[in-house]
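Undergrad: Let's see this in three dimensions:
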Amino acid sequence: MPAQLKDFGQSLVAVSLYASNFLFWKESDYFALAAEEKPLLHTWSLGVEEQFYLLFPVVLVLLVRFVRARRAQFAVLVLIWCISLIGSLALYRMDPSAAFYLLPGRAWQLLTGAILALLVRESAPSSNSALACVSLILLGIPLFWYVPQIIPIGLQLLAVLGAAGVIYFTVPGALVGRVLTMRPLVYLGTISYGAYLWHQPIFAFARVKSAHELSFHTNLALVIVTLIAAHFSLQFVERPIRKDEASFWTRTRMVLATLAISGTFIAIGISMYITDGFKNRFAIPESVYESIATSPKQDACFGLKRLEDPKNWFCKLGKEEEPPSLFVFGDSHLIHFLPALEVAADGAGVSFVATGLGSCAPLLGVYLPEEVGLKTNCHDTNRRVFDAIKQAGIKHVLLIGRWELYTDGGYTGTKFRYLSQAANGPMSRDESRSAFVAGVTSTLSAYKAIGVAPHFFTGSKAKV
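TA: Numbers count the residues shown, from 1 in each chain. As a prediction, the model looks like this:
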């Protein structure tokens, strides 16, 4: 679709400038579930790394200039690491997306490698099988044990310290060393970078092409395709460039080639963006594009940043001079229907107010356990909407949601957004369904008790 190609063009420019993490952070409030359809989403980490590599040498130069003693320099780096970790925790509380995508939330992870390099330089690692095994277990915990109530930074800390421990305490002859030097694992490690670069575009384009969730067999086939692509990348790109005898790739030629490729990508990306994804290649009337376009007032109607405004936390659509007769509240599916609702309100000569929050079931009395400790408090947002409707005397509320996300895990049962009747409640299908029923019941009762007619709206695929 033209809109997707336009978005892809924007990503191409951002990736070429090592700034894609800023782009995806900016977009993170909208359609979080559609992120997996962004072919270059994974490049956010490359942007963070490049930004770190630009700033950290400056820090080292200042450190060497003003702190002479080697131990003092090491202590300062450890202090910076601690400050960065604490700052990351604070940023996560304020803006989880910023903590995920931006350098301030990730600097401590990259600093761990720098500190480890200094440790190895000052004292050669000694074999310690026990600590190496413990480190390997810490590294594996986030892979096999995911509990959403534990904030991601906690799992990140386990993985980072585990990786550092494996590097520092493992030698080839020890138990962990023998395991990690097995040829299949070494081979996977060798192609891992290429696999990382290939996997997101391969899977994203497959999801865009498919009208349904990818099946297990399709996912398995895509994994195989990714590994094959990574193998050929290693053989024909990485190794030829790294070999000393490949004298063609001098530093100057490498820089020029990088600039040429980046410039080409930027030019292509800009052309995709300014032509709206080359939409003229289709013989589609402009009215069709307008009918599926998002509301120009979307930023004023949806998202955490809007809800943080104590006064203007919702938008008004329709006839501006008319008092609102309807309050519309919902999750990200709300955005789909705003243009049609706005046109209908204009035609009827009425107005309505709207607000929404991604992955927030518009139901009173339910909690999302995954939100513990976050600012995206769905339970409180529902109560806030209820109080606003009661105070304003609005007589109708339209609740829009991707309901099957909370009861069946999405269209295919693979993407649950668990509900619970308690803030720290269990996360399971049965609990989520029970909480959903209780939420619908309490929502109907509460609104009817104040003389408000609640209306539930859903898409055609819902199982409610």
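
Undergrad: only C-alpha atoms for contact and neighbour calcs from this point on.
TA: OK.

Undergrad: could you pull out the strands for this protein?
TA: Taking DSSP state E as the test, the strands found in the chain are 315-318, 324-330, 351-356, 396-400, 453-457.

Undergrad: Paired strands for the shortest one, with orientation please.
TA: Strand 315-318 pairs in its sheet with strand 351-356 (antiparallel), by DSSP bridges.

Undergrad: Looking at the strand it pairs with now, give me its mean pLDDT.
TA: Mean pLDDT, strand 351-356: 90.

Undergrad: now the angle between strand 324-330 and it, please.
TA: Relative orientation of strand 351-356 and strand 324-330, computed by axes from the mean of the first three to the mean of the last three Cα atoms, to 10 degrees: 20 degrees.

Undergrad: between the strands of the chain, which one is nearest to residue 35?
TA: strand 351-356 (18.4 Å; Cα to Cα).

Undergrad: Give me the angle between the closest one and strand 396-400.
TA: 40 degrees.

Undergrad: which one's the longest helix in the chain?
TA: helix 183-209 (DSSP state H).

Undergrad: Now do that one: distance to the chain's middle.
TA: How far helix 183-209 lies from its chain's middle: 19 Å, per Cα atoms, centre = their mean, to the nearest Å.

Undergrad: I'd guessed residue 115 sits against residue 74; true?
TA: Yes - between residue 115 and residue 74 there is a contact under Cα atoms under 8 Å: 7.4 Å.

Undergrad: just to revisit the earlier point, tell me what the longest helix of the chain is packed against?
TA: Counting by 3 or more Cα pairs under 8 Å, 6 or more residues apart in numbering; DSSP states H and E, the packing neighbours recorded for helix 183-209 are helix 216-233.

Undergrad: What mean pLDDT does the helix it packs on get?
TA: Average pLDDT, helix 216-233: 94.

Undergrad: From the chain's centroid, how far away is that helix?
TA: A distance of 23 Å separates the centroid of the chain from that of helix 216-233, by Cα atoms, centre = their mean.

Undergrad: So which bits of it are buried?
TA: For helix 216-233, the buried set under the neighbour-count rule, 16 or more other Cα atoms under 10 Å, comprises 222, 223, 225, 226, 227, 228, 229, 230, 231, 233.

Undergrad: which residues in the stretch 51-200 of the chain form helices?
TA: Along the stretch 51-200 of the chain, the stretches classed as helices by DSSP state H, counting those that start in this stretch are 70-94, 96-101, 107-122, 129-144, 152-169, 175-180, 183-209.

Undergrad: Mean pLDDT lowest where, among those helices?
TA: Minimum mean pLDDT among these: helix 96-101, a mean of 85.

Undergrad: For it, output the C-alpha coordinates as PDB.
TA: Taking Å, rounded to 0.1, in the frame of the first residue of the first chain, the C-alpha atoms of helix 96-101 are listed here in PDB:
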ATOM      1  CA  PRO A  96       8.800   3.300  28.400                       C
ATOM      2  CA  SER A  97       9.200   3.800  24.700                       C
ATOM      3  CA  ALA A  98      12.000   6.400  25.200                       C
ATOM      4  CA  ALA A  99      13.800   4.000  27.600                       C
ATOM      5  CA  PHE A 100      13.600   1.300  24.900                       C
ATOM      6  CA  TYR A 101      14.600   3.300  21.800                       C
END
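
Undergrad: Check what contacts that helix and list those residues.
TA: Helix 96-101 is touched from outside by 21-22, 24-25, 28, 44-45, 48, 88-89, 91-92, 105-106, 374, with contacts defined as Cα atoms under 8 Å, 6 or more residues apart in numbering.
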